[in-house]
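A.B. asks: coords please:
(one chain, ligands or ions: 2)
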Amino acid sequence: MTIETVGVVGAGQMGNGIAHVLAVAGYDVTLMDVDAQRLEAGLARIGANLGRQVARGKTSEEAKRLALGRIRTTVALQDLGASDLIIEAATERESVKQKIFDELAPSLKPKTILTTNTSSLSITRLAGRTSRPEQFMGLHFMNPVPVMQLVELIRGIATSRETFEAVQALVQRLGKSAVVAEDYPAFIVNRILIPMINEAIYTLHEGVGSVVDIDQSMKLGANHPMGPLELADFIGLDTCLAIMSVLHSGLADTKYRPCPLLVKYVEAGWLGRKVGRGFYDYRGEVPVPSR
Ligand SMILES: CC(=O)CC(=O)SCCNC(=O)CCNC(=O)[C@H](O)C(C)(C)COP(=O)(O)OP(=O)(O)OC[C@H]1O[C@@H](n2cnc3c(N)ncnc32)[C@H](O)[C@@H]1OP(=O)(O)O
Ligand SMILES: NC(=O)C1=CN([C@@H]2O[C@H](COP(=O)(O)OP(=O)(O)OC[C@H]3O[C@@H](n4cnc5c(N)ncnc54)[C@H](OP(=O)(O)O)[C@@H]3O)[C@@H](O)[C@H]2O)C=CC1
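C.D. replies: Ligands and ions are numbered 1, 2, ... in the order given. Model prediction:
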C-alpha cells in the first residue's frame, strides 16, 4: 500500500516535528490536538524551524511555503479518518493512547495503517485493543525530529508484512534511517538512554555532583552533545518518568526504579524545557539550575 496522506495526533514537540518532516517530504498532513492553542504553537514552531533551515541555506523559501501549505490542523479526531496512515504522538500515557485509537476507529478507512510514536509502551497491547492489529505498529521518531536521523520500527505480534513494508518505505522517503526493535519495554534507544538519565538524576540526588558538573562531565568527558540533565529537560521529565515506570514494571527489576528526585520534579510540574523549568530554569536569558 502507498501512503500519501498522514494524520498526526498530538501537536506537542514530537507531533510538530513529525508533521514538519512529512510535509517537507511531500505528504499531505492533518495535525490534530485537543488544544487549539497547541496547534497554533505547533504550526508556529514548524514555520520557525523551516525558517531556520532557509536561513542556513538548507531549503528554499518556496519549499518552506509548499511544506506549510501541506499541513492542515484540526481539533476533531474524525478529520483524520481519510488518512492512509495515522501517527499517534500524544502524551505518553497508555489510557490516553487507547482512547485515541478507540475514538478514531469508526471514521477510519479499512486500509488505514495505525502507528504510535510511543517511547516505551507495548505495541502488541495497544494493537490488541484495536480491530486491526495487523495494520498497527510502532514508529518511533527521535527528538528533535527534523534533525535526528534515526527511527525505530517496532512490530506488534500481529503486525503484517504489508504494514511493515509500507511504513518502512515512508521512513525511507523521509530520508531517515530505520532500525528494527523487538516489542519489549522502551525498545532499544530508551532502554539504554533513559536509565542513563535516571542514573544522572540519582547522582544529583545523592549529592555526587551539581547539575552543572554532571552535565559538564558527560559533555566534556563522554562527548555527549547535551548533558543528561539538559537532555532530560529537553525530552520532558514527565516523559522520562513514564518511560522509567514502564521499564520498572515491565521488566520487574529494581535497577529501573525511577529516582525519587525525578518523581518530585514531575509532581512539582517542573517538566523541563516545554514548561520553562526542569533541572534548569529557562525563563531568564540563559538557563540556570532550578535549585
Ligand atoms: C525520549 C525518546 O523517546 C527518544 C528520544 O528522542 S531521546 C532524545 C534523542 N535526542 C538527543 O539525544 C539530542 C541530543 N542533542 C543534540 O543532538 C544536539 O544538542 C541538537 C541537535 C539538539 C542541537 O545541536 P546544536 O549543535 O547544539 O544546535 P544547533 O547548531 O543550533 O543546531 C543544529 C541543527 O539542529 C537544528 N535544531 C536544533 N534544535 C532544534 C529543534 N528543537 N527542533 C528542530 N531543529 C532543531 C538546527 O536548526 C540545526 O539544523 P541545521 O544543521 O540543519 O542548520
Ligand atoms: N519528548 C521526546 O523526546 C520524545 C517523545 N516521544 C513520544 O512522543 C509522544 C509525545 O511526546 P511529546 O511530543 O514529547 O509530548 P508533549 O507533552 O510535548 O505533547 C503531547 C501533546 O499531545 C496532546 N494530547 C494529549 N491528549 C491528547 C488527545 N487525547 N488527543 C490529541 N492530543 C492529545 C497534548 O495536549 P495537552 O498538553 O493539552 O494535554 C500535547 O499537545 C509520547 O508518546 C512520547 O513518549 C517519542 C520520542 C521522543
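A.B. asks: Give the buried residues for stretch 114-134.
C.D. replies: 114-124, 126-127, 130, 132-133 (16 or more other C-beta atoms under 10 Å). Just so you know, the C-beta spots here come from the backbone N, C-alpha and C atoms, and that holds for glycine as well.
A.B. asks: just for this structure, where's the confidence low?
C.D. replies: Scanning the chain for pLDDT under 70 picks out no residues.
A.B. asks: residue ranges for the helices of the stretch 151-291 of the chain, please.
C.D. replies: Secondary structure of the stretch 151-291 of the chain (DSSP state H, counting those that start in this stretch): helices at 161-173, 189-205, 211-222, 228-235, 237-251, 260-267.
A.B. asks: cool, and the stretch 1-150 of the chain?
C.D. replies: 13-24, 36-55, 61-69, 94-104, 123-128.
A.B. asks: can those helices go into JSON lines with extra columns for distance to Thr254?
C.D. replies: Below are the helices of the stretch 1-150 of the chain laid out as JSON lines (distance: least, C-beta to C-beta, whole Å):
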{"stretch": "helix 13-24", "distance to Thr254": "30"}
{"stretch": "helix 36-55", "distance to Thr254": "37"}
{"stretch": "helix 61-69", "distance to Thr254": "47"}
{"stretch": "helix 94-104", "distance to Thr254": "22"}
{"stretch": "helix 123-128", "distance to Thr254": "23"}
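A.B. asks: So which of the ones you listed is the most surrounded?
C.D. replies: Sort the helices of the stretch 1-150 of the chain by mean neighbour count, taking mean count of other C-beta atoms under 10 Å, and helix 13-24 sits at the top with a mean of 25.
A.B. asks: who touches Glu230 in this structure?
C.D. replies: Residues near Glu230 by C-beta atoms under 8 Å, 6 or more residues apart in numbering: Asp215, Phe279, Tyr280, Pro287.
A.B. asks: Could you rerun that using 10 Å?
C.D. replies: By C-beta atoms under 10 Å, 6 or more residues apart in numbering, the contact list for Glu230 reads 200, 211-212, 214-215, 218-219, 224, 272-273, 278-280, 287.
A.B. asks: just Met226 next, same as before
C.D. replies: Going by C-beta under 10 Å, 6+ apart, Met226 touches Asp215, Met218, Lys219, Ala232, Asp233, Phe234, Ile235.
A.B. asks: Looking at these, spot the one nearest Gly57.
C.D. replies: Phe234 (25.6 Å; C-beta to C-beta).
A.B. asks: so that closest one touches Val147, yeah?
C.D. replies: No: the criterion here is C-beta atoms under 10 Å, and Phe234 misses it with Val147 at 11.8 Å.
A.B. asks: out of those two, which sits in the busier spot?
C.D. replies: Using other C-beta atoms under 10 Å as the criterion, Phe234 and Val147 rank with Phe234 on top: 16 against 10.
A.B. asks: what about that one, distance to Gly250?
C.D. replies: Applying C-beta to C-beta, to the nearest Å, the value for Phe234 to Gly250 is 24 Å.
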